[in-house]
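S.K.: Requesting a structural model of the entry that follows:
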Amino acid sequence: MNRPPNRRILLIDDLPSIHQDFRKILSNSASPSELDDVEAALFGTAAKAAAGADGFELDSAYQGQEGVAKVSESLRQGLPYAMAFVDMRMPPGWDGVETVRRLWQEDPRLQIVICTAYSDYSWDEVVAQLDVCDRLLILKKPFDNIEVAQLANALTKKWDMTQQAEVQRDHLEEQVRSRTAELKHANEALLEQVIERKLAEQALRLKHEAIEASINGIFLINNRLPDNPIEYVNPAFERITGYASDEVKGRNIRCLLGEDQDQPGIRAILEVMRDGREGHEVLRSYRKDGTPFWSECYVAGIRDNSEEITHFVVVLNDISEAKRLEELLHNRANYDTLTKLPNRLLMMDRIAEAVAKAQRDHGRVAVAFVDLDRFKFINDSLGHDAGDVLLQEIARRLCECVRESDTVARLGGDEFVILMEMAGDVSPVMQRIVDRIGQPVTLAGEEHAVTCSIGVSVYPQDGRDAETLLKNADTAMYQAKEIGRNSFQFFKDEMNARLNERILLETDLRHAMERGEFELYYQPVIELRGGTIIGFEALIRWHHPSKGLVLPGSFIPIAEQSDLILRIGEWVLRQACTQNQTWVRAGISTVPVLVNLSARQFDRQDIVRLVQRVLLETGLAPGLLELEITETLSMQAPRRTIEFIEKLKAIGVKVAIDDFGTGYSNLTYLKKFPVDKLKLDSSFMSEITSNKDSMAIASAVIDMGHSLNLTVVAEGVEQESQLSLLCARGCDLMQGHLFSPALPADEFAALVRSGRKLVRI
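M.R.: Next up is the predicted model:
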């Protein structure tokens, strides 16, 4: 009669919450289908059926001493535990290693999983202290529920299999002793004949049992002959190894080890055979054709009537699939499935190890936090498949830019982290990454411009642990985004203060609209020949209750990091259209108002439908509205941009490309954009009269715009010398403080009513 499987588990941990979590995972619940599948792969189809039928019996101890007492009591009652989960740190009592040592003194058969969140105990150190590894696994916190359940199923099953092997061994030994007793009373003349007959019967019985259990390879080793030759193998052995029976009879077990003769497992098996004990080891074995496989070998001696071991019976299991699943689980726990890069868990361990090494060697470690700019736009506009392709390409480019000894990890989404042991300044590496990521990438058959923002923290000055270094690198990355993206920043202590200020400002920003703290200012766009106003740009201002007038450069980047920009952008559009329609009715305005679109609006809102609704609500003619999109935004997804502009043009709204000259443009697509204007970015104005490159770029943009029959507008004109140069180059329209700053609505209306010419050529 088969005894029921032992599902008794002891949890030793000083935290009650851990006991609650384990009970939720393990107590009297059927295994999920994925767990069943893994257990079936590990132990065969019968194991899959049993796993769902038997629940776990979970017992708790909160210190190592209490756990040892429970194990001792369980043995006294004849109800041993199959396995134990043991926490590594349980102050004030024993640590995990001491607890395991004491547990095995009570019950050497106990299967144990050490649970730890720390990297200061390596596997090799634990094995060295405990001098054993076949009954021990280490589980890193935080752990996955399924992983815990899988370990519980696997190790309790292993305990049962070990007990079954011991029962079989005991049964075999009992038979040998029984036959020996019979032979002692037999006639001396018939002794040799009886022995031969019994051995023949034993061989037949063993062969029959081996055939019945054909999933396992079984073979006999003769311990009385030199070199311990193989004497018998069963059909399963032939199937597993590829060797026919005659090819291995008379040979040593070393024939299964190929060139890998000195592995630790074989030394352990030889010690077991030498000492006359039973045992099992995992070996790297090789089939006849040379292909490797993982095998688990159980070895037990067969004794004669004088208690001398004459043979060893070896049970051979091919556990290659179990090893593959083990490796798969390890990879899933430590590596990103999309990019194959280390994940957050493994990266945090790597940073901790690098910091520990740097502390010993008085070295330095750099942690770089890399975030793609506007990845969500590509993911939403081109689909997740294109987004995945982009992430894989970014991962490849990052690995190209660093050394093999450095670590590149993906934390999730579009966030990557690079770990480098520093031998000098890492600025060239960071710039190389920015430049490489900024090169166009082909997605869905078209080129797309992608940029990144990088923050760098350095051990020891920016942090002495993985969490602090990563947090400070993240803070520096946000600083890189705020100053314009497509750049890198090293962490500085004052960034934390700026971050706190930014958080407070964002909190105030969320209430600004409800409190009516926003106001639109208007800056005229001037036609050079007549000096007349041919349009005006709506620019938002924030009347902060304590900071006073806040310019958009201080709060728009914050709004763009969240959905706040959607509400603000819609408010600006509606307010600008309402104001222009008011001026049209009053006879003040007959020119369009210019409204900027943010990247997040372009990504997340149906702008065309929003514009149609606002125009309908305000009554403003479509021709009196002009929308501006940046050059960088327009090139993120050129085909989508063309479709977007065509829809706006179809309802009569004008479109301009803003900040031209600062991004990556493809002339082929630019020719296809049905826009009305190009706006030369204001960053060129400060150097246009002194820097040849800025002047050359400005001239090229003007010439290119005219070649495409577009009107060219120069922003940020503040000096007469700039005006003269732009006029000489043939620029059509201008705006800037030289003509008029941005004005509140009433002051702008007064300027228009005055009819004053703002410039004369």
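S.K.: And whatever helix or strand A750 lives in, what's buried?
M.R.: Per DSSP states H and E, A750 falls inside helix 745-754. Residues A745, F748, A749, L751, V752 are the ones in helix 745-754 that count as buried (16 or more other C-beta atoms under 10 Å). Where you see a C-beta, it was placed from the backbone N, CA and C, and this is true even at glycine.
S.K.: dump the residue contacts of E421.
M.R.: If you count contacts by C-beta atoms under 8 Å, 6 or more residues apart in numbering, E421 has them with A354, K357, A358, G363, R364, V365, A366, S405, D406.
S.K.: Kindly indicate which of the residues you listed lies nearest A599.
M.R.: Nearest to A599 among those is A366, at 29.8 Å by C-beta to C-beta.
S.K.: Surely the closest one is within a strand?
M.R.: Yes. Counting by DSSP: H, G, I helix; E, B strand; the rest coil, A366 is found in a strand.
S.K.: Which strand residues bridge it?
M.R.: Beta bridges link A366 to M420, V458, judged by DSSP bridges.
S.K.: Check the offset of stretch 495-510 from the chain's centre.
M.R.: Put simply, stretch 495-510 sits 28 Å off its chain's centre (C-alpha atoms, centre = their mean, to the nearest Å).
S.K.: which residues touch that stretch?
M.R.: 472, 475-476, 478-479, 482, 489, 542, 544-545, 554-555, 558-559, 562, 564.
S.K.: List the buried residues of that stretch.
M.R.: With burial defined by 16+ other C-beta under 10 Å, the residues of stretch 495-510 counted as buried are M495, L499, R502, L505, D508, L509.
S.K.: which one of these sits closest to A322?
M.R.: Distances from A322 to those, taken by C-beta to C-beta, are shortest for L499, at 48.3 Å.
S.K.: Could you name the helices and strands sitting against the helix holding A750?
M.R.: Judged by 3 or more C-beta pairs under 8 Å, 6 or more residues apart in numbering; DSSP states H and E, helix 745-754 is in contact with strand 518-527, helix 564-585.
S.K.: which non-adjacent residue is nearest R639?
M.R.: Excluding the flanking residues, the one nearest R639 by C-beta to C-beta, 6 or more residues apart in numbering is E446, at 6.2 Å.
S.K.: so how far is A386 from that neighbour?
M.R.: To A386, E446 is 10 Å away according to C-beta to C-beta, to the nearest Å.
S.K.: and the chain, what are its domains?
M.R.: Using automatic domain parsing, the domain ranges for the chain come out as 8-162, 188-325, 335-491, 524-754.
S.K.: and the end-to-end length of the last one?
M.R.: Counting by C-alpha to C-alpha, to the nearest Å, the length from the leading to the trailing residue of domain 524-754 is 14 Å.
S.K.: from the chain's centre, how far out does it sit?
M.R.: Relative to its chain's centre, domain 524-754 lies at 40 Å (C-alpha atoms, centre = their mean).
S.K.: Let me know the average pLDDT across it.
M.R.: For domain 524-754, mean pLDDT is 86.
S.K.: ok so, going back, take the contacts of stretch 495-510 and keep only those in strands.
M.R.: Q489, W542, H544 (DSSP state E).
S.K.: Could you dump the residues you listed into a markdown table with neighbour count added?
M.R.: Listed next are those as a markdown table, based on neighbours: other C-beta atoms under 10 Å:
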| residue | neighbour count |
| --- | --- |
| Q489 | 21 |
| W542 | 22 |
| H544 | 16 |
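S.K.: Looking at those residues, which one is closest to D131?
M.R.: Q489 (50.6 Å).
S.K.: now that closest one: how far from I418?
M.R.: Distance of Q489 to I418, computed by C-beta to C-beta: 14 Å.
S.K.: my guess is P91 contacts D14, does it?
M.R.: Yes. P91 is within contact range of D14, at 7.0 Å (criterion: C-beta atoms under 8 Å).
S.K.: Need the overlap of contacts for the two.
M.R.: In contact with both P91 and D14: no residue, using C-beta under 8 Å, 6+ apart.
S.K.: more neighbours, the two?
M.R.: Taking other C-beta atoms under 10 Å, P91 and D14 do not tie; D14 has more neighbours (16 against 8).
S.K.: Please settle this for me: is that one part of a strand?
M.R.: No. Assessed by three-state DSSP, D14 does not belong to a strand; its assignment is coil.
S.K.: so who does the residue lying closest to it once chain neighbours are set aside touch?
M.R.: Counting by C-beta to C-beta, 6+ apart, D14 lies nearest to M90, which is 4.2 Å off, once chain neighbours are set aside. Residues in contact with M90 (C-beta under 8 Å, 6+ apart) are I12, D13, D14, Y62, Q63, G64, G96, T99.
S.K.: Which of those residues sits closest to E628?
M.R.: The closest of the contacts of M90, once distances to E628 are taken by C-beta to C-beta, is D13, at 60.6 Å.
S.K.: Can you tell me the element L469 falls in?
M.R.: Secondary structure (DSSP H and E) places L469 in helix 466-482.
S.K.: helix/strand/coil for C731?
M.R.: What three-state DSSP gives for C731 is coil.
S.K.: Distance of the closest residue in space to it that isn't next to it in sequence relative to V315?
M.R.: Computed as C-beta to C-beta, 6+ apart, the closest residue to C731 that is not its neighbour in sequence is A714, at 5.0 Å. The gap separating A714 from V315 is 86 Å, by C-beta to C-beta.
S.K.: repeat for L345
M.R.: From L345 to V315 the distance is 37 Å (C-beta to C-beta).
S.K.: Compare those two (neighbour count), which wins?
M.R.: When neighbours are counted by other C-beta under 10 Å, L345 and V315 differ, and V315 comes out ahead with 22 against 15.
S.K.: Helix or strand: which one has the nearest residue to N334 once chain neighbours are set aside?
M.R.: Spatial nearest neighbour of N334, excluding adjacent residues (C-beta to C-beta, 6+ apart): L346 at 4.1 Å. Element membership for L346, per DSSP H and E: helix 344-361.
S.K.: re earlier: out of the helices and strands packed on helix 745-754, which gets nearest to R396?
M.R.: helix 564-585 (32.0 Å).
S.K.: what are the C-alpha coordinates of the closest one, in CSV please?
M.R.: Provided in CSV are the C-alpha atoms of helix 564-585 (Å, rounded to 0.1, in the frame of the first residue of the first chain):
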residue,chain,number,x,y,z
LEU,A,564,-1.9,68.3,-17.1
ILE,A,565,-0.7,69.6,-20.4
LEU,A,566,-3.8,68.2,-22.1
ARG,A,567,-6.1,70.3,-19.9
ILE,A,568,-3.8,73.4,-20.2
GLY,A,569,-3.4,73.0,-23.9
GLU,A,570,-7.2,72.8,-24.4
TRP,A,571,-7.7,75.8,-22.2
VAL,A,572,-5.1,77.8,-24.2
LEU,A,573,-6.8,76.9,-27.5
ARG,A,574,-10.3,77.7,-26.3
GLN,A,575,-9.2,81.0,-24.6
ALA,A,576,-7.2,82.1,-27.7
CYS,A,577,-10.0,81.4,-30.1
THR,A,578,-12.5,83.1,-27.8
GLN,A,579,-10.3,86.2,-27.5
ASN,A,580,-9.7,86.5,-31.3
GLN,A,581,-13.4,86.1,-32.0
THR,A,582,-14.1,88.9,-29.5
TRP,A,583,-11.6,91.2,-31.3
VAL,A,584,-13.0,90.2,-34.7
ARG,A,585,-16.5,91.3,-33.6
